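S.K.: model the structure of this input:
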Amino acid sequence: MKYEMDIEGAVFDLDGTLLDSMKMWRTLGVRYLASKGVQDTSSVTEEIRYLDLIPAADFMAEKYLPGYTGERIYAEIKALIRDFYETKVQLKEGAMEFLVYLRNKGVRMSVATATDRELFIPALKRLGADGFFEGYVTNVEVGRGKHFPDIYDAARKLIGTPKEKTYVFEDIFVGANTAKNAGYKVVGVYESVASDTEREDLIRVADIYVERLDELL
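M.R.: Next up, the predicted model:
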């Protein structure tokens, strides 16, 4: 299929859109608790799914590991995540080809992500992808998550492109829906760990939906 994109700017989500990292995030609580000998972890994934790391650590301390502090759990989980980004995470298939394509077209690019800079910047450097972007914006830096358009607006300001010619690339419905309601064109990107319902919602709101970014070449 041939897609027509009148594009001058691109704002990318990272996890699940450019980086193949969502399986790590979805299974993080289960794997961490299992390493501590906790047997029944069947509900933890949903319990902490929409929590940031600090409240998630506090929750696990209270419910699953009463002998631990939230601070200890947070530090140990952060070490696991840091190792993953520094040594293991890879770009999703087709992502590098698409970034090169956009750069060759003169499209300006930035990143809007919930992940801390200290985690993703080493990963992008290791993967040779850091040079494509003019800047990064995180949820913490804007003070609100992707239920609000602040992060996309801040990322667009970094590249200075008109909203009507700036596309937001997202793998989750919440972010895609927020960006669409804020006036951006949205490209939905397939993520294997998403449920059928999540995927259907993303397809419904996106202007374009692809399984791989290089479908847009």
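S.K.: so where do the helices sit in the protein?
M.R.: 22-35, 44-48, 53-63, 70-87, 95-104, 117-126, 139-142, 150-159, 173-181, 196-205 (DSSP state H).
S.K.: got the CA coordinates for stretch 42-56 in CSV?
M.R.: Extracted C-alpha coordinates of stretch 42-56, given in CSV (Å, rounded to 0.1, in the frame of the first residue of the first chain):
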residue,chain,number,x,y,z
SER,A,42,-0.7,-13.3,38.1
SER,A,43,-2.3,-9.9,38.7
VAL,A,44,0.8,-7.6,39.2
THR,A,45,1.1,-6.7,35.5
GLU,A,46,-2.3,-5.1,35.4
GLU,A,47,-1.9,-3.7,38.9
ILE,A,48,1.2,-1.6,38.0
ARG,A,49,0.6,-1.2,34.3
TYR,A,50,-0.3,2.5,34.4
LEU,A,51,1.9,3.4,37.4
ASP,A,52,5.3,5.2,37.2
LEU,A,53,8.2,3.3,38.7
ILE,A,54,8.2,4.9,42.2
PRO,A,55,4.5,4.3,42.9
ALA,A,56,4.8,0.8,41.4
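S.K.: ok, residue 50 - how many residues close by?
M.R.: Using other Cβ atoms under 10 Å, the number of residues around residue 50 comes to 11. Bear in mind the C-beta positions are built from the backbone N, C-alpha and C, glycine included.
S.K.: what does residue 214 give?
M.R.: Neighbour count for residue 214, taken as other Cβ under 10 Å: 17.
S.K.: correct me, but it touches residue 97?
M.R.: Yes. Counting by Cβ atoms under 8 Å, residue 214 does reach residue 97; the two are 4.4 Å apart.
S.K.: give me the below-cutoff pLDDT ranges for this protein.
M.R.: Within the chain, the stretches with pLDDT under 70 are 1.
S.K.: about what we covered before: need the helices of the chain in TSV with distance to residue 10, can you?
M.R.: Shown next, in TSV, are the helices of the chain (distance: least, Cβ to Cβ, whole Å):
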stretch	distance to residue 10
helix 22-35	20
helix 44-48	31
helix 53-63	27
helix 70-87	22
helix 95-104	6
helix 117-126	15
helix 139-142	19
helix 150-159	8
helix 173-181	12
helix 196-205	18
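S.K.: would you list those helices in TSV and tack on mean neighbour count and distance to residue 111?
M.R.: Below are the helices of the chain laid out as TSV (neighbours: other Cβ atoms under 10 Å; distance: least, Cβ to Cβ, whole Å):
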stretch	mean neighbour count	distance to residue 111
helix 22-35	17	16
helix 44-48	16	24
helix 53-63	18	19
helix 70-87	15	14
helix 95-104	17	11
helix 117-126	17	8
helix 139-142	16	11
helix 150-159	21	7
helix 173-181	22	12
helix 196-205	15	19
